[in-house]
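In: Pasted the sequence and its predicted model underneath.
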Amino acid sequence: MAANMDQIQQKALNALEPYILLSKSANSPRAAADLVTQATSAPNTFVFAELLQTPNIQSLQTTSEEHARYLTLLQIFAWGTWSDYTSNPNLPKLSETQQTKLRQLSLLTLCTNPSNLTYVHLLEALDLPTPRALEDLVISSIYAGLLTAKLDILSQRVDVSSVASLRDLKPGSIPTMVSTLEDWDSRCVSVLADLEEHAREVRRKAQEQRRRETEHEKAVAKAMGEGEGKGRGNWGREGVGSRRRGMKWM
């Protein structure tokens, strides 16, 4: 499975390579903007960091607002989501192909949190009109090799078992990721400490229970031993008396 996901990533990098080469000759803002449209529309292009780093694409940031918005659009395809796109009304209009691709990439980001994978949440986050439209998007993502998942129609959830590493890291996100991992590590340590304390308490109670059971068994055994001794003594005296009475009668 991991090897297959690596192949998908390599396939996406290979698909982007021609546009990286074309960026070297995209010497005008219009040509660079058109290249962004072509790259985000092409089949199998799902990673864009290397294209973003090319000088002619970066130069869009310092040109007119009309062309700068294509750089913003490419950044959203690289690490953003559908909601990032819809929250900015000044971005270029997407073709149907681009819309599907951005929703697929957004789905990969949403998969990082299992609580996001209900139909209700996904329909809202991806701005899809019906559950069937969501299911079609998930199925297309599965066939594209972007993720491994099953549709739980009864529970209205998407059960995801693996996701391809196709999302680029947003600049400045490393410190946030480190902080998140440190917080997660701290919680794990706390949970382990609680589990160890609980285990010690369970062992203590088990030992106490065994001690009480042992004392109870000893007490029962002692009482039974004393009872048997008294029974034998009484039986012996009664037997002697009976024999004596029998002899006197004769």
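Out: Here it is on my side, so go on.

In: List the contacts of residue 11.
Out: Residues counted as contacts of residue 11 (C-beta atoms under 8 Å, 6 or more residues apart in numbering) are 44, 145. Placement of C-beta: from N, CA and C, glycine included.

In: ok, now with 6 Å
Out: residue 44 (C-beta atoms under 6 Å, 6 or more residues apart in numbering).

In: Which positions within the one helix or strand it maps to qualify as buried?
Out: In the assignment (DSSP states H and E), residue 11 maps to helix 2-23. By 16 or more other C-beta atoms under 10 Å, the buried positions in helix 2-23 come out as 5, 8, 11, 12, 13, 15, 16, 19, 20, 22, 23.

In: all helices of this protein, in order?
Out: Assigned by DSSP state H, the helices in the chain fall at 2-23, 29-41, 49-52, 55-58, 65-79, 82-86, 96-110, 119-125, 131-143, 173-249.

In: do you know how far residue 140 is from residue 103?
Out: When distance is defined by C-beta to C-beta, to the nearest Å, residue 140 is 9 Å away from residue 103.

In: More neighbours: which of the two?
Out: The residue with more neighbours, out of residue 140 and residue 103 and counting by other C-beta atoms under 10 Å, is residue 103; that gives 23 against 15.

In: was I right about that one contacting residue 126?
Out: Yes - if you go by C-beta atoms under 6 Å, residue 103 and residue 126 touch, sitting 5.0 Å apart.

In: intersection of neighbour lists for these two?
Out: Overlap of the contact sets of residue 103 and residue 126 (by C-beta under 6 Å, 6+ apart) consists of residue 82.

In: and of the buried residues of helix 2-23, the nearest to residue 199?
Out: residue 5 (37.4 Å; C-beta to C-beta).

In: Mind pulling the model confidence for the closest one?
Out: pLDDT recorded at residue 5 is 65.

In: what's the answer for residue 182, then?
Out: At residue 182, pLDDT is 59.

In: Same question for residue 203.
Out: On pLDDT, residue 203 comes in at 89.

In: for residue 43, same thing?
Out: For residue 43, the pLDDT comes out at 91.

In: and it, what does it touch?
Out: Listed by C-beta under 6 Å, 6+ apart, residue 43 has no contact partners.

In: let's see it at 8 Å
Out: By C-beta under 8 Å, 6+ apart, residue 43 lies in contact with residue 15.

In: Tell me how far it lies from residue 18.
Out: For residue 43, the distance to residue 18 equals 12 Å [C-beta to C-beta].

In: same question, residue 29
Out: Remark: distance between residue 29 and residue 18 (C-beta to C-beta) = 20 Å.

In: repeat for residue 94
Out: According to C-beta to C-beta, residue 94 and residue 18 sit 21 Å apart.

In: And for residue 12?
Out: Taking C-beta to C-beta, one finds residue 12 at 13 Å from residue 18.

In: try residue 56
Out: For residue 56, the distance to residue 18 (C-beta to C-beta) stands at 15 Å.
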